[in-house]
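Enquirer: Need coordinates for the below:
(2 chains)
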2 protein chains.
Amino acid sequence: METVEEHRSHGGVQGVYRHASSSTGTEMIFSVFVPEHAEGARLPVLWFLSGLTCTHANVTEKGEYRAACAEHGVIFVAPDTSPRGEDVPDHEAYDFGQGAGFYVDATQAPWAKHFRMRNYVEQELPALLAEHFPVDMDRQGITGHSMGGHGALTVGLRNPDRFRSVSAFSPIVSPLNCPWGEKALGGYLGTDREAWREYDACALIEDGARIDGLLVDQGTGDNFLEDQLKTELLVQACESAGIPGEIRMQPGYDHSYYFISTFLAEHVAWHAERLKR
Amino acid sequence: METVEEHRSHGGVQGVYRHASSSTGTEMIFSVFVPEHAEGARLPVLWFLSGLTCTHANVTEKGEYRAACAEHGVIFVAPDTSPRGEDVPDHEAYDFGQGAGFYVDATQAPWAKHFRMRNYVEQELPALLAEHFPVDMDRQGITGHSMGGHGALTVGLRNPDRFRSVSAFSPIVSPLNCPWGEKALGGYLGTDREAWREYDACALIEDGARIDGLLVDQGTGDNFLEDQLKTELLVQACESAGIPGEIRMQPGYDHSYYFISTFLAEHVAWHAERLKR
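Expert: Numbering: from 1, shown residues only, chains lettered A, B, ... in the order given. This next block holds a predicted model:
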C-alpha cells in the first residue's frame, strides 16, 4: 500500500492510498480519514460507498463528514466505484463499466475478469484496512449514495454480523425494478434474474435477510426518485419484514452532494451511537 | 443576473449565478449561500475571496461553511478570482493572469482593460448582491485564502466602515515582500512600488489603516509559509500599530482546503458575533 497524499484536517489525517488489488487485477485508490485518538486505540469504522461516475474523491472533498468523525471518533473509508484503466473494459455510458461497478462480482465476459467490487469491498479492502489503520473491525457501519446506497444496503443485509449499522442516501433500492439496475445487473450477471437477488436490497429482505434498523435519507427534489430509486419499494419491504426503517423524505433536496453533505454528519452520529463498545 | 444552478443545502439554498460585469467587461460567475430565514429578514454577509487558480467552485464545494452559516444566519458569497475567457489576456503561469487577479485594478497593458477585480469586489458585486439577495449591507464581514486572504485583508483595511469583521486563511500578508506579489503587482501596476502599497496589508497598516480586530489561521505545514506568506510580517505590523490580531499558527496544517474546511466554521461564528445587530 502506497500513500498518495495525506493532509491534516479537523485534528486528524485525511489520506488517499493506492494498492494493487487481487480482486480487480488493477491498482485501486481509496481514502481514509483517521481522527485524533489515543495511542494504541482502535476506532469504529464507517464505510461510504459512492455513486455512479464517482471515485473516492467526491465524498472526500464534498461530503463534510470530518468534523462529525472527529467529534465521534469514527474512521471513514471511501473506496472507488470500479476498477479503472486502459486495460479494463469500459462502456460509453456513464451508468455501466468504469465508474459503475454496482458492488457486484461480475460473471459475464468481458466484465468478470476485473469487475469484482463485491469481493473487493467485502473481503480485500477490509483486510488491508485492518492491517494498516487503527480500526476496530468488530465495530463497522456502512453507508453510501445512490448506486453506493444500493451497495451499502446489500452489503449490510448480506453481512449483518459484520455491520452493526446500515444507512443510505438516495439508494437504488431495487435494481430488479429500475433501468439502471436492469442494465448493470443484466450486463454483469447475465439474464437469469434469480442471480440478481443477492444484489437487490428489497429482494434480499423478501428472501429473509434482516437487520436491526436502517436510516435512509431521500430528497423529494431528486430527479431520479421516480424512475430509478423508488424509495417506496424499500418502505414496503421493511414494513412487510418488520425492519424498523427510518426512511426520511427530505423536502426539496436533490441528488447532489449539497444534499449528502447536509445529512452526512447526522448519519455519522447515528452510526457512532450504534458502534459504541 | 442569471441563475446557473441552485441546490437545497443545510436548510437553505446554495446558488451559482452569472452576470455581465461592467468592471471586467466579461461574464462573471459567483456563488451565494442563503440560509433559511424569516420572510422579509435581511441577513449579514460574509465574503470569501479565493486563492490562486480557484473559481467560486473550490470553496463552494470544499469549504464546509454551510452548516455554520445556517446556524448563525449568515449569507456567504464567493466571487471568482479574475475575469476569464478567450478574449481576456492570460499568462502561462498559474500565478499571473486568469485565475490570479490579486483583487487589484490593473493599470498596465494588456491587463488594465479586464483585470479590475478591486472595482468588481468593492463596488459592482456588492450592488448586485444588494439588489438580488436578502442581505443587510450594513453588516458585512470578509475573509479569504492565500491570494484571497491578501484580498480580504486589503479590502477590509481600505474599507473599515463597510466591513465590521476581517479574517483570513494563509494570507499573502505583504505582496511587496514575496515573489508572488512582486510578479503580480509589478505586472498589473507597473514598477512604481509606491502604487503597490494600497494592495499590501502590512503597508496599509504602516500607512495608518486600522481595524478593530483580526483573525488569521495559518498552517505550520504550509509549503508557501516561508517564501510567500510570511505571516510574521503581519504579526509585527499588528503589534506596531496596536491592532489586536489573533494570528494562530495551526500545527501541521497545509495550504489546502482540508485546512480551510477545518477552521472555516469557526471563522463564520467569529464573524457572526461581530455582525450582530
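Enquirer: A:Arg139 against A:Ser165, yeah?
Expert: No - between A:Arg139 and A:Ser165 there is no contact under CB atoms under 8 Å: 9.2 Å. Placement of C-beta: from N, CA and C, glycine included.
Enquirer: Next, show the common contact partners of these two.
Expert: Counting by CB atoms under 8 Å, 6 or more residues apart in numbering or on different chains, the contacts common to A:Arg139 and A:Ser165 are A:Leu275.
Enquirer: nearest residue to A:Glu61 other than its sequence neighbours?
Expert: Nearest residue to A:Glu61, sequence neighbours excluded (CB to CB, 6 or more residues apart in numbering or on different chains): B:Lys62, at 5.2 Å.
Enquirer: Also A:Asp222?
Expert: Nearest residue to A:Asp222, sequence neighbours excluded (CB to CB, 6+ apart): A:His255, at 4.5 Å.
Enquirer: any idea of the pLDDT on the one you found?
Expert: Note for A:His255: predicted pLDDT of 98.
Enquirer: Count residues in the vicinity of it, would you?
Expert: Counted with other CB atoms under 10 Å in any protein chain shown, residues neighbouring A:His255 total 22.
Enquirer: ditto for A:Ile243
Expert: Neighbouring residues of A:Ile243 were enumerated by other CB under 10 Å; the total is 17.
Enquirer: for A:Arg18, same thing?
Expert: Residues near A:Arg18, counting by other CB under 10 Å: 13.
Enquirer: now do A:Asp95
Expert: 17.
Enquirer: separation between it and A:Thr53?
Expert: As for A:Asp95, its distance to A:Thr53 is 8 Å (criterion: CB to CB, to the nearest Å).
Enquirer: can I assume A:Gly141 sits in a strand?
Expert: Yes - counting by DSSP: H, G, I helix; E, B strand; the rest coil, A:Gly141 is located in a strand.
Enquirer: That one touches A:Glu273, doesn't it?
Expert: No - A:Gly141 is beyond contact range of A:Glu273, at 9.9 Å (criterion: CB under 8 Å).
Enquirer: Which one's more surrounded, the two?
Expert: Neighbour count, other CB under 10 Å: between A:Gly141 and A:Glu273, A:Gly141 has more, with 25 against 11.
Enquirer: Okay, and the beta partners of that one?
Expert: With DSSP bridges as the criterion, A:Gly141 is bridged to A:Leu46, A:Ser165.
Enquirer: tell me the pLDDT at it?
Expert: 98.
Enquirer: can you check A:Gly245 too?
Expert: Taking A:Gly245 on its own, its pLDDT is 89.
Enquirer: what's the answer for A:Cys238, then?
Expert: For A:Cys238, the model assigns a pLDDT of 98.
Enquirer: so what's it closest to, chain neighbours aside?
Expert: Leaving aside its chain neighbours, A:Cys238 sits nearest to A:Gly245 (3.7 Å; criterion: CB to CB, 6+ apart).
Enquirer: same check, this time on A:Gln140
Expert: Spatial nearest neighbour of A:Gln140, chain neighbours left out: A:Val45 (4.9 Å); criterion: CB to CB, 6+ apart.
Enquirer: Does the one you found touch A:Asp136 like I think?
Expert: Yes - look at A:Val45 against A:Asp136 with CB under 8 Å: they come within range, at 7.3 Å.
Enquirer: Comparing these two, which residue is more hemmed in?
Expert: Neighbour comparison, A:Val45 and A:Asp136: the larger count goes to A:Val45, with 27 against 15 (by other CB under 10 Å).
Enquirer: Strands along the stretch 51-200 of chain A, start to end?
Expert: For the stretch 51-200 of chain A, strands defined by DSSP state E, counting those that start in this stretch occupy the ranges A:75-79, A:135-144, A:163-169.
Enquirer: would you list those in a markdown table and tack on distance to A:Leu128?
Expert: Formatted as a markdown table, these follow (distance: least, CB to CB, whole Å):
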| stretch | distance to A:Leu128 |
| --- | --- |
| strand A:75-79 | 10 |
| strand A:135-144 | 10 |
| strand A:163-169 | 18 |
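Enquirer: Which among the ones you listed is found nearest to B:Val34?
Expert: Of all the strands of the stretch 51-200 of chain A, the one in closest proximity to B:Val34, counting by CB to CB, is strand A:163-169 (23.3 Å).
Enquirer: Packing partners of the closest one?
Expert: In terms of contacts (3 or more CB pairs under 8 Å, 6 or more residues apart in numbering or on different chains; DSSP states H and E), strand A:163-169 is packed against strand A:135-144, helix A:147-158, strand A:214-219, helix A:257-274.
Enquirer: Next, the angle helix A:147-158 makes with that strand.
Expert: Angle, strand A:163-169 to helix A:147-158, by axes from the mean of the first three to the mean of the last three CA atoms, to 10 degrees: 150 degrees.
Enquirer: which residues does A:Val45 contact?
Expert: Shown in contact with A:Val45 (CB under 8 Å, 6+ apart): A:Val74, A:Ile75, A:Phe76, A:Val77, A:Leu129, A:Val135, A:Asp136, A:Met137, A:Arg139, A:Gln140, A:Gly141.
Enquirer: just A:Glu206 next, same as before
Expert: A:Ala237, A:Ser240, A:Ala241.
Enquirer: how about 10 Å then?
Expert: A:Ser174, A:Arg197, A:Asp200, A:Gln236, A:Ala237, A:Ser240, A:Ala241 (CB atoms under 10 Å, 6 or more residues apart in numbering or on different chains).
Enquirer: Which one of the residues you listed is nearest to A:Glu2?
Expert: Comparing the contacts of A:Glu206 against A:Glu2 with CB to CB places A:Asp200 closest, at 35.7 Å.
Enquirer: For stretch A:59-78, what does the pLDDT average out to?
Expert: The average pLDDT within stretch A:59-78 is 98.
Enquirer: do the same with stretch A:111-125
Expert: For stretch A:111-125, the per-residue pLDDT averages 98.
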